[in-house]
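In: Using only what follows, build the 3D model:
(one chain, ligands or ions: 1)
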Amino acid sequence: NAMFYWQRTAYHFQPQKNWMNDPDGPLYHKGWYHLFYQYNPDSAIWGNITWGHAVSKDLIHWFYLPLAMVPDQWYDINGCWTGSATLLPDGRIVMLYTGSTNDSVQVQNLAYPANLSDPLLLQWLKYPGNPVVVPPTGIEDEEFRDPTTAWLGPDGSWRIAVGTRFNTTIGTALVFQTTNFSDYELLDGVLHAVPGTGMWECVDFYPVAINGSVGLDTTALGPGIKHVLKASLDDTKVDHYAIGTYDMITDKWTPDNPEEDVGIGLKVDYGRYYASKTFFDQSKQRRILYGWVNETDSEADDLEKGWASIQTIPRSVLYDNKTGTHLLQWPVEEVESLRLNATVFKDVVVEAGSVVPLDIGTATQLDILAEFEIETLVLNSTEDEVSDCGDGAVDRSTYGPFGVLVIADDSLSELTPIYFRPLNTSDGSLETYFCADETRFALFYICI
Ligand code: DQQ
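Out: Prediction:
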């Protein structure tokens, strides 16, 4: 009889029990970071989706709060699905979310805190005039969801984007305009569309400073700014982003590099990761990214362990002006408060094909900071065939992979490689992917 340990994480956010998926409506209000999330209060598998709610002072230690919204109206009775928060200049908070109606039509609904002076924002009211947006003509009833945070246009009216698809295969985001958040007008054209990418879920759209070390409010416009467009592809369950330019007059976004467009280019993360969402943290002037991590477990496993999924450690996001093509992500600085003591290894030489054991003593949690230097780098050699993370850590590329084997047993029959995979590309440049291989591991799992 095998013994199974259903190990919960020690500091990644997860509910006390049951199913969780997408992060929703993250925001900072009166000293508290609020995180809402797709939650099934009754079971460890998806269903009966409500909004769970938690708060934190430091994005690391969380307090569980009562459910923020439950599916109790005709316009969300089949689920209070994903949505986003907008902080208005006068201090009000607007929450827009998708409701699946009694007929399973996806509509956008408005909710707001009952009492803004409550730092915990415990009570949420649904606008009596809901839904505020219904699927426009030509859009399928069940393919229209996940409103973004709103941004203010130069004409003084707000805009939101909602993901959908055209002709089943063209992923896209529609833009709606509003002045009061209860009445909306669909703008002509779309924010952007990419053939072959399918339904766009959880669209995220935000500005990044070209030269700067701070994040930007969603409404920031003007020179020195680029815009990131992210879509979660329903067909492949991958979060893709691209960097480009937003024309605030036509409300169109154009990728810097059409060959690296949304859904065909960069991924937000190369591991198990989906439905990510950012928000602007006005207290520390940074943009913070959450993502939902689901395990490789089966539904039966989830039911047995009584819970499913975690959120990533929040990461701050900046434009990488070194490459000009990527975002830079880093775990929020607050995570360092968890580091009690350090063990430092220097000048460790890792020969090709070797494993170097490091004696870390005893520890139940490790936060690993590793820097690797490649001794010889021969560019322009043969192009590596397998892209991204390859077929796991055993899949050799010209310079790798290399990294750390964590949660390994002495015989290395159980291990989780966290590794870098540098690749030669067809144009003679080098691309490095940061990967995790969960396939060599049976009992526990790791989150990055
Ligand atoms: N999860 C929500 C949807 C969203 C999907 C439903 C993405 O709103 O499109 O739980 O994981």
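
In: so where is the stretch 151-300 of the chain shaky, pLDDT-wise?
Out: Along the stretch 151-300 of the chain, the model assigns pLDDT under 70 to no residue.

In: which bits of it sit near the ligand?
Out: Where the stretch 151-300 of the chain comes near the ligand, counting by Cβ under 6 Å from any ligand atom, the residues are Glu201, Cys202, Ser232, Tyr274, Ala275. To be clear about C-beta, it is placed using only N, CA and C from the backbone, and glycine gets the same treatment.

In: In strands, which of those appear?
Out: Using DSSP state E, the members of these that fall in strands are Glu201, Cys202, Ser232, Tyr274, Ala275.

In: Could you give the number of residues near Asp22?
Out: As a burial measure, Asp22 scores 25 neighbours (other Cβ atoms under 10 Å).

In: do the same with the one 10 residues further on
Out: The number of residues packed around Trp32, counting by other Cβ under 10 Å, is 18.

In: From the ligand, how far out is the residue lying closest to it once chain neighbours are set aside?
Out: Using Cβ to Cβ, 6 or more residues apart in numbering and skipping residues adjacent in sequence, the residue nearest Trp32 is Val55, 4.5 Å away. Relative to the ligand, Val55 is positioned 21 Å away (criterion: Cβ to the nearest ligand atom, to the nearest Å).

In: For Val55, list each beta-bridge partner.
Out: Bridge pairing for Val55 (DSSP bridges) gives the partners His34, Phe63.

In: Give me the distance between it and Gln311.
Out: In this structure, Val55 and Gln311 are 14 Å apart, going by Cβ to Cβ, to the nearest Å.

In: re the thing from before, now the residues of the stretch 151-300 of the chain next to the ligand as JSON lines including neighbour count?
Out: Shown next, in JSON lines, are these (neighbours: other Cβ atoms under 10 Å):
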{"residue": "Glu201", "neighbour count": "24"}
{"residue": "Cys202", "neighbour count": "28"}
{"residue": "Ser232", "neighbour count": "29"}
{"residue": "Tyr274", "neighbour count": "22"}
{"residue": "Ala275", "neighbour count": "22"}
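
In: Let me know the closest of the residues you listed to Asp103.
Out: Compare each of these with Asp103 using Cβ to Cβ and the shortest gap goes to Glu201, at 20.3 Å.

In: tell me the contacts of the closest one?
Out: Contacts here follow Cβ atoms under 8 Å, 6 or more residues apart in numbering; on that basis Glu201 touches Thr82, Arg145, Asp146, Gly163, Ala231, Ser232, Leu233, Asp234, Ala275.

In: Swap in 10 Å and give it another go.
Out: Applying Cβ atoms under 10 Å, 6 or more residues apart in numbering, we find Glu201 in contact with 22, 81-82, 98, 143, 145-146, 163-165, 171, 231-234, 237, 239, 274-275.

In: Inside strands: which ones of those?
Out: Counting by DSSP E, the contacts of Glu201 place 22, 81-82, 98, 145, 163-165, 171, 231-233, 239, 274-275 in strands.

In: Would you mind listing what in the stretch 1-150 of the chain touches the ligand?
Out: Contacts of the stretch 1-150 of the chain with the ligand, taken as Cβ under 6 Å from any ligand atom, map to Asn21, Asp22, Gln38, Ile49, Trp81, Thr82, Thr98, Arg145, Asp146.

In: Cross-check the contact I'm expecting between the fourth one and Ser43.
Out: Think Ile49. No. With contacts counted by Cβ atoms under 10 Å, Ile49 stays clear of Ser43, the gap being 11.1 Å.

In: Can you pick out the residue with more neighbours from the two?
Out: Just comparing Ile49 and Ser43: by other Cβ under 10 Å the higher neighbour count belongs to Ile49, 25 against 16.

In: Quick check: closest non-adjacent residue to that one.
Out: Nearest to Ile49 is Gly79, by Cβ to Cβ, 6+ apart, at 3.8 Å.

In: Can you check what pLDDT the model gives the one you found?
Out: Looking at Gly79, its pLDDT is 98.
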